[in-house]
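J.: Curious how this folds, go ahead:
(2 chains)
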Amino acid sequence: MTFFEVVFYAFSTLMVVAALGVVSARNPVHSVLFLVLTFFASSAIWLLLEAEFLAITLVLVYVGAVMVLFLFVVMMLDINVTRMREGLMRYAPFGIAIAILLIVQMVMVVGPEHFGLQAFPVPESHAADYSNTKELGRVLYTDYVYAFELASVILLVAIVAAITLTMRRRPNTRYQKPSAQMKVLKEDRLRIIKMKSETIEPENKQ
Amino acid sequence: MEWLFSLAPDFMVDFWNWLPQWIQVLAENLLYIVLIMVPLMLCVAYVTYAERKIIGYMQVRLGPNRVGPKGWLQPIADAIKLMFKEVIVPTNSNKFLFLFAPILTLGPALAAWAVIPFFEGVQLSNLNAGLLYILALTSMGVYGVIIAGWASNSKYAILGALRSAAQVVAYEIAMGFALVGVLMASGSLNLGDIIARQEGGFMSWFWLPLLPLLAVYFISGVAETNRAPFDVAEGESEIVAGFHVDYSGMAFAVFFLAEYANIILIAALTSLMFFGGWMSPFGSMADHALLGDGTHWFILKTMFFIYMFLWFRATFPRYRYDQIMRLGWKVFIPVTIVWLVVEAVMVVMQVGPWAVDTAASVAGA
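T.: So this is what the prediction gives:
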């Protein structure tokens, strides 16, 4: 077994174990952290394919931003684990049946005869100065520019929709206006007056 | 490695050649890692000393001056004290995650040094996507904070963790955009190439054409490291010490180390991206021993930015939380987007120091 294969199998095993952890962990926060580990392992496998841009972007976008927000939400949820597990045995046969169906389908589509090592020889490795990032950028902004721009517009629409759905202005809430707060001058808030200093008479002292 | 062989006795050279190749590669890389890590950890220790001393002088105090001559041994004494203190794991906390969180904070801050070029060709890994790698790793640091807050099973800790998570996610976007500006100016994600593009002395470094991005990057860097004036994640006056309120002994010390390691990293990155890294400010004297290019310039620039961090802490009062969010989302991100557009126009119109080179490299790709 070459070093390359050792690395591949190490990260594949890690990924499968972590993926199992996602569905089997009792605590939802642990599930999220297992998912992070799964992303890491898959990004390492992408690195083996010399797809460094995709691998690092996976970590940057999914691990660095999306999963942080996931974790954020999951931590705030008050999940009653025992109640969620109540029907586990009752639904287990259905779940297993569906899982077997999915596995059969996936083996039929991406089974070893279609995706085996024989069907896909090792891709040619590139020279050291080959930049995966540059190649991807060139393809995205030339050959697939319309599809790419379309995807970005759809994403923008999704962002706008999400914001309009969640944003509501309640009339009675008082907001701070930082720009107004910053524009305040000393003259607006402070009045300096001239007056005689006041003294307390000694006999008033108690 | 060759000069090491010339020094070593014959039997050691024979032993080395007898070793399998993967062990040789592993040993060589481990040696380089140690060569980077040991000075870095010493720097981290002495940045804590510098911080106490500098802020002390700024506040007309003396700072630590008891341990060793002028207090120079203070960080060592602190380290020994923290090592021998008990690490208390709170009951009902998640023990594994509680102890794992500090490591998760420190790890990315140290791993990012793998791609930092100290001089032309002197770096652990000459990664093509070095800039992306650094962005990915700096975005990892927030996990340690969130997990620490959650695993502590304490209200204050989780409040601090939530504040930190929201803040880091907000500022990361501005930081990423600022680095996109650097990427556009240099036409490369490779840190060595980014420095090479800034050749020619003080006025040709990227700080001048990318001045707004420099400001956004550095201030976001301060916010990312949870340093004053953005240290609401710790917020002593409201939430005691935030996410690390339940930590003690070495577990706390690792958080502390991570904070300073992150400061050094952000300072080093600022000097790499905007101030030419190891380039000399005197472009015409590039071959001079002292005034010419060299690692000492990189260290000097990094030290200057570390000093800025300490200076900020002594100068500014803490931001209010909503002001931090406003600054991140409503000020910095628009500023970066506007400047990216300006930069794109400059590149297309061939204005600016980089324009011709970049256009040529894009066309040639």
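
J.: Could you find the closest non-adjacent residue to B:Gly294?
T.: The shortest distance from B:Gly294 to any non-neighbouring residue, by Cβ to Cβ, 6 or more residues apart in numbering or on different chains, is to B:Trp278 (6.1 Å). Heads up, the C-betas are built off the backbone N, CA and C, glycines and all.

J.: Where does that neighbour sit: helix, strand or coil?
T.: What DSSP: H, G, I helix; E, B strand; the rest coil gives for B:Trp278 is coil.

J.: ok, it to B:Asn153 distance?
T.: 47 Å (Cβ to Cβ, to the nearest Å).

J.: Could you check which of these two has the larger neighbour count?
T.: B:Trp278 (21 against 15; other Cβ atoms under 10 Å in any protein chain shown).

J.: Now for that one: which residues touch it?
T.: B:Pro117, B:Phe118, B:Phe119, B:Glu120, B:Ile195, B:Asp293, B:Gly294, B:Thr295, B:Trp297, B:Phe298 (Cβ atoms under 8 Å, 6 or more residues apart in numbering or on different chains).

J.: circling back to that earlier point, tell me the confidence at the residue nearest to B:Gly294?
T.: pLDDT, B:Trp278: 82.

J.: what's the average pLDDT for stretch B:152-162?
T.: Per-residue scores along stretch B:152-162 average to 83.

J.: How many neighbouring residues does residue 130 have?
T.: I'll assume chain A. So A:Tyr130, with other Cβ under 10 Å, has 11 neighbours.

J.: You answered for a different chain; I wanted chain B.
T.: B:Gly130 is flanked by 26 other residues according to other Cβ under 10 Å.

J.: Is it correct that it is in contact with B:Asn190?
T.: Yes. Counting by Cβ atoms under 8 Å, B:Asn190 is a contact partner of B:Gly130 at 5.5 Å.

J.: Distance of the residue nearest the centre of chain B relative to chain A?
T.: In chain B, the centroid-proximal residue (Cα atoms, centre = their mean) is B:Leu265; its distance is 1.5 Å. B:Leu265 is 15 Å from chain A, where distance means Cβ to the nearest Cβ, to the nearest Å.

J.: Counting by contacts, list what the helix or strand containing A:Leu71 packs against.
T.: Secondary structure assignment for A:Leu71, by DSSP states H and E: helix A:67-76. Helix A:67-76 is packed against helix A:28-48, helix B:141-151, helix B:155-186, with contacts defined by 3 or more Cβ pairs under 8 Å, 6 or more residues apart in numbering or on different chains; DSSP states H and E.

J.: returning to what we had before: residues touching the residue nearest to the centre of chain B, list them.
T.: By Cβ under 8 Å, 6+ apart, the contact set of B:Leu265 is B:Ala109, B:Ala112, B:Trp113, B:Thr138.

J.: Confirm that it lies within a helix, as I assumed.
T.: Yes. B:Leu265: assigned to a helix according to three-state DSSP.

J.: mind checking how far B:Gly276 is from B:Asn126?
T.: For B:Gly276, the distance to B:Asn126 - Cβ to Cβ - is 18 Å.

J.: Between those two, which is the more surrounded one?
T.: Counted by other Cβ under 10 Å, B:Gly276 and B:Asn126 do not tie: B:Gly276 has more neighbours, with 28 against 15.

J.: list the contacts for the more buried one?
T.: When contacts are counted by Cβ under 8 Å, 6+ apart, B:Gly276 touches B:Ile195, B:Gln198, B:Glu199, B:Trp205, B:Phe206, B:Trp297, B:Lys301.

J.: can you rerun that using 7 Å?
T.: By Cβ atoms under 7 Å, 6 or more residues apart in numbering or on different chains, the residues touching B:Gly276 are B:Ile195, B:Gln198, B:Trp205.

J.: Sitting in helices, which of those do you find?
T.: Using DSSP state H, the members of the contacts of B:Gly276 that fall in helices are B:Ile195.

J.: Would you mind checking which of the contacts of B:Gly276 is nearest to chain A?
T.: When these are ranked by distance to chain A (Cβ to the nearest Cβ), B:Ile195 comes first, at 16.9 Å.

J.: residue ranges with poor pLDDT in chain A?
T.: Along chain A, segments meeting pLDDT under 70 span A:1, A:79-82, A:84, A:116-120, A:128-129, A:204-206.

J.: center of it, which residue is that?
T.: Residue closest to the average C-alpha location in chain A (Cα atoms, centre = their mean): A:Val66, at 1.4 Å.

J.: Give me the distance between that residue and B:Phe255.
T.: 25 Å.

J.: interface residues of chain A facing chain B?
T.: For chain A, the contact set with chain B under Cβ under 7 Å from any Cβ of the partner chain comprises A:3, A:29, A:52-53, A:56-57, A:59-60, A:63-65, A:68-69, A:71-72, A:75, A:131, A:133-134, A:138, A:176, A:178.
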